[in-house]
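>>> With the sequence up front, the predicted model follows.
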Amino acid sequence: MEEKSRGRSTAISSALSGNVAANVSYDVWSMDMSQVLIPRGSKLYGRYSSDVDRGQRRVLIAWDRLVTSDGQSVQLEGYGTDRIGRSGMPGHVNNHTLARFGAAAAVSVIGALPAIITAALDDDDENGNSNNDVASTTAANVGQGASTALGNVMQGYLDVPPTISVDQGAVVQVRVNNDLELF
């Protein structure tokens with residue numbers, strides 16, 4: 001059984017898992033078209049997943065319950081699909097590209113800082129003797145430690161998964177693979 005719903009009443013952002021609701025906008029008829037099984041105006045309730053991998057363009061939605069316009073509640077074991085039955089709901093993908101490039105640039109700059117500081121502190125006199133061995137070594141060690149620590153922090157920014165957003169009011173399809181008992 002497949003139901004069409006237009007006018008989802010909640011927006012989706014895969015940054016966090018959450019609940020979703022939708023309004024059934026068309027009557028859903030029996031197989032022989034003799035009676036309306038799910039009247040227009042019924043409500044669908046479900047949840048969506050925040051598990052998103054790189055390259056993914058769809059949010060997984062599980063529909064759990066249908067409440068008809070006359071108050072009848074039916075448990076669903078359905079999932080959201082697009083218009084041609086592919087699992088998941090397509091949405092706008094934010095790959096956080098700017099944040100990733102910014103983190104990579106910051107790691108590169110921070111990684112180069114110890115060498116830059118050491119070179120600046122190595123001021124040779126006329127005989128070729130370095131005047132700042134202790135300061136140079138200290139700067140190199142501090143810079144290396146900071147570079148390692150900040151590199152670990154920045155790695156978290158490089159590993160941020162994409163965020164998929166679906167606007168409120170988007171058309172959803174519900175695929176139910178089992179029989180529903182409607183009274």
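Thanks, I have it.
>>> What is the distance between the lengthiest strand in the chain and the centre of its chain?
The strand spanning the most residues in the chain, taking DSSP state E as the definition, is strand 73-81. How far strand 73-81 lies from its chain's middle: 23 Å, per Cα atoms, centre = their mean, to the nearest Å.
>>> and for that strand, what are the contacting residues?
2-3, 44, 46, 48, 59-68, 87-89, 172-178, 180-182 (Cβ atoms under 8 Å, 6 or more residues apart in numbering). Bear in mind the C-beta positions are built from the backbone N, C-alpha and C, glycine included.
>>> again, only this time at 6 Å
Contacts with strand 73-81, where a contact means Cβ atoms under 6 Å, 6 or more residues apart in numbering, come from 61-67, 87, 89, 172-176, 178, 180.
>>> Secondary structure element for residue 109, which one?
helix 97-121 (DSSP states H and E).
>>> Quick one: mean pLDDT for that helix?
Taken as a whole, helix 97-121 has an average pLDDT of 73.
>>> In three-state terms, how would residue 44 be classified?
In three-state terms, and counting by DSSP: H, G, I helix; E, B strand; the rest coil, residue 44 is strand.
>>> Quick check, it in contact with residue 62.
No. Using Cβ atoms under 6 Å, residue 44 makes no contact with residue 62, being 11.0 Å away.
>>> So which of the two has more stuff around it?
Each of residue 44 and residue 62 has its neighbours counted (other Cβ atoms under 10 Å); residue 44 has more, 25 against 14.
>>> That one pairs with what?
Here residue 44 sits in beta bridges with residue 22, residue 66, going by DSSP bridges.
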